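Q: Need a 3D model of the sequence below.
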Amino acid sequence: MKRVLIIVMCVVLASAAFLGCAQVEQPAQEEQQTPEPAPTPTPTPTPEPTREFRDAAGRTVQLPMEVESVMGVDEAATSLVYTLCAEKLCGWNEELTDIMKEQIPEEYRGLPVYGLYDGFEVGENTLPDVVVCVGETNMDSERADALQERLEVPVIILTGGLQELPQAYAMLAEASGDEERGKELSAAVERLLGVVQDMEIPGEEERPSVYAAKEADSLAVAAAGGGRELVELAGGVNAVESAVDDKNKILGMSLSELIELNPDVIFSSGQPGEGIDGQDAAWKILDNPAYGTMDAVIGGRVYGVPSSPFPWLEAPESPNRAIGLVWMAALLYPELYEGVNLGQEIKDFYALFYGRELSDSALEELVYVPTPEEETEEE
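A: So this is what the prediction gives:
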């Protein structure tokens, strides 16, 4: 019995020892860390497709395939853009004058102001797809390249001068994608130029001397530029000679100098920025006895140049110079233009270029157009 008890105890002790060994703590295994995924490389943005455009200065510029917004670097370019594709115009170069607003719809009057030339700034305004300037004399290649680099927007130069206006429209239309509209406006300008070119004007000695006046008192002229060009194309002789090839240069004169100059015809642009249009300035001359000895005043050949929405003569050299040329030529040589319905030509121009239907009263308020009775009296 005793022996059996000893055997049982041995079995119990052996079992306990075995269980004790089985319960020995195993070393804790390190917690498995889920590896972080490798960062996805940022894809290199695919550059927007572009197309090559060769401008009037011979520069090759990369333009967007689709142009949705355009801005002129000066008022001449901006007026060109407005007449071609007003819906793409980003803004103006300066605040609109009250005279300009007369022919500009409400929806475009509140567009932002970008400034002029090297002072052109986008700021918080819309960044245009293309910036335009007209004529290398306004913005040469070096300045255009510098502006393009600063804005990081393509800058193109178009042809300048009235006789190159059809080409300027064609080039701008190619750039903006408005080819059909461009063809229409180019053809209209070519037709108006042809009206004047087809007329047989007299020799230079028989041509009238023309004083293309600026400022409210009409005692200033531009040294060069569109106004002088228009006078010559219309068949006149510029009364004020100028050796200065700078259209931004203004030549002032005194009243006595103007009286001594004694031009045959005066076209006065007034000072639209100050609210004085051409007709106001013309009446100031006609109503002032001090001017009464001049041939232009005696003959009643003092005319106010329209400037709504853009000047017909100069500053800026807008597309309105096309109709301005026909108007000026018809006033210089009424006998040659008897078959031209000048009033209808002006109405048609405003309808096509500005989408504005001028009534007879609106036409009379805009510009002086001689009636057939008046032309007969002059003869």
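
Q: what's downstream of whatever helix or strand I99 lives in, the next helix or strand?
A: Assessed by DSSP states H and E, I99 sits inside helix 98-101. For helix 98-101, the following helix or strand on the C-terminal side (DSSP H and E) is helix 106-109.

Q: Which secondary structure elements does the strand or helix carrying I156 sit against?
A: Under the criterion of DSSP H and E, I156 resides in strand 155-158. Applying 3 or more Cβ pairs under 8 Å, 6 or more residues apart in numbering; DSSP states H and E, we find strand 155-158 packed against strand 60-64, strand 130-134, helix 141-151, helix 165-176. For every residue, glycine as well, the C-beta is placed using N, CA and C.

Q: Comparing these, which comes out most buried?
A: Highest mean neighbour count among those (mean count of other Cβ atoms under 10 Å): strand 130-134, with a mean of 27.

Q: Now do that strand: distance to the chain's middle.
A: 7 Å (Cα atoms, centre = their mean, to the nearest Å).

Q: before we move on, back to that, the helices and strands packed on strand 155-158 into CSV, with extra columns for distance to V113 and mean pLDDT?
A: Output for the helices and strands packed on strand 155-158, formatted as CSV (distance: least, Cβ to Cβ, whole Å; pLDDT from 0 to 100):
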stretch, distance to V113, mean pLDDT
strand 60-64, 24, 97
strand 130-134, 15, 94
helix 141-151, 16, 91
helix 165-176, 21, 97
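
Q: Skipping adjacent residues, who's closest to the spatially most central residue of the chain in space?
A: Nearest to the mean C-alpha position of the chain, by Cα atoms, centre = their mean, lies T78 at 0.8 Å. Of all residues beyond its chain neighbours, the one nearest T78 is G72 (3.3 Å), with distances taken as Cβ to Cβ, 6 or more residues apart in numbering.

Q: one step back: quick one: which of the helices and strands packed on strand 155-158 is nearest P306?
A: With Cβ to Cβ as the criterion, P306 lies closest to helix 165-176 of these, at 17.6 Å.

Q: And for the closest one, what's in contact with it?
A: For helix 165-176, contacts defined as Cβ atoms under 8 Å, 6 or more residues apart in numbering pick out 53, 55-56, 63, 67, 70, 80-81, 84-85, 88, 130, 132, 134, 156, 158-160, 178-179, 181-183, 185-187, 189-190, 193, 319, 321-322.

Q: among the residues you listed, which ones are buried?
A: 53, 55-56, 63, 67, 70, 80-81, 84-85, 88, 130, 132, 134, 156, 158-160, 178, 181-182, 185-186, 189-190, 193, 319, 321-322 (16 or more other Cβ atoms under 10 Å).

Q: So what pairs up with Y211 in the strands?
A: I266 (DSSP bridges).

Q: Check it and give its pLDDT.
A: You'll see Y211 listed with a pLDDT of 94.

Q: Same question for S254.
A: pLDDT, S254: 92.

Q: Quick check: it touching L219?
A: Yes - proximity of S254 to L219 meets the contact threshold set by Cβ atoms under 8 Å, at 6.9 Å.

Q: if we can go back for a sec, filter the contacts of helix 165-176 down to the ones in strands?
A: 53, 63, 70, 130, 132, 134, 156, 158 (DSSP state E).

Q: Contact partners for the first one?
A: Residues in contact with F53, defined by Cβ under 8 Å, 6+ apart, are 60-63, 154, 156, 174-175.

Q: what about E257, helix or strand, and which?
A: Using DSSP H and E, the element containing E257 is helix 255-261.

Q: quick one on the thing from earlier: how about a markdown table for the helices and strands packed on strand 155-158, with distance to P202 added?
A: Output for those, formatted as a markdown table (distance: least, Cβ to Cβ, whole Å):
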| stretch | distance to P202 |
| --- | --- |
| strand 60-64 | 45 |
| strand 130-134 | 33 |
| helix 141-151 | 41 |
| helix 165-176 | 26 |
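
Q: Mind checking the ones you listed for the one nearest to L96?
A: Comparing the helices and strands packed on strand 155-158 by Cβ to Cβ, strand 130-134 comes nearest, at 18.7 Å.

Q: Any regions of this structure where pLDDT drops low?
A: Along the chain, segments meeting pLDDT under 70 span 1-46, 136-138, 224, 242-248, 371-379.

Q: repeat that for 50
A: By pLDDT under 50, the low-scoring segments of the chain are 1-26, 28, 375-376, 378-379.

Q: Show me the domain layout of it.
A: Per the record, the chain has its domains at 50-197, 204-378, by automatic domain parsing.

Q: Could you export stretch 293-313 as PDB, CA atoms only?
A: Provided in PDB are the C-alpha atoms of stretch 293-313 (Å, rounded to 0.1, in the frame of the first residue of the first chain):
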ATOM      1  CA  THR A 293     -11.300 136.200 -91.200                       C
ATOM      2  CA  MET A 294     -10.200 132.700 -92.100                       C
ATOM      3  CA  ASP A 295     -11.200 131.200 -95.400                       C
ATOM      4  CA  ALA A 296     -12.500 128.000 -93.700                       C
ATOM      5  CA  VAL A 297     -14.800 130.000 -91.500                       C
ATOM      6  CA  ILE A 298     -16.000 132.300 -94.300                       C
ATOM      7  CA  GLY A 299     -16.800 129.300 -96.500                       C
ATOM      8  CA  GLY A 300     -18.400 127.400 -93.700                       C
ATOM      9  CA  ARG A 301     -15.900 124.600 -94.000                       C
ATOM     10  CA  VAL A 302     -15.300 123.900 -90.400                       C
ATOM     11  CA  TYR A 303     -16.300 120.300 -89.400                       C
ATOM     12  CA  GLY A 304     -16.400 118.500 -86.100                       C
ATOM     13  CA  VAL A 305     -14.800 115.000 -86.200                       C
ATOM     14  CA  PRO A 306     -16.900 112.300 -84.500                       C
ATOM     15  CA  SER A 307     -15.300 110.200 -81.700                       C
ATOM     16  CA  SER A 308     -18.000 107.800 -80.700                       C
ATOM     17  CA  PRO A 309     -17.300 105.100 -79.800                       C
ATOM     18  CA  PHE A 310     -13.800 105.700 -81.200                       C
ATOM     19  CA  PRO A 311     -12.300 108.700 -83.100                       C
ATOM     20  CA  TRP A 312     -12.700 108.900 -86.900                       C
ATOM     21  CA  LEU A 313      -9.400 110.600 -87.300                       C
END
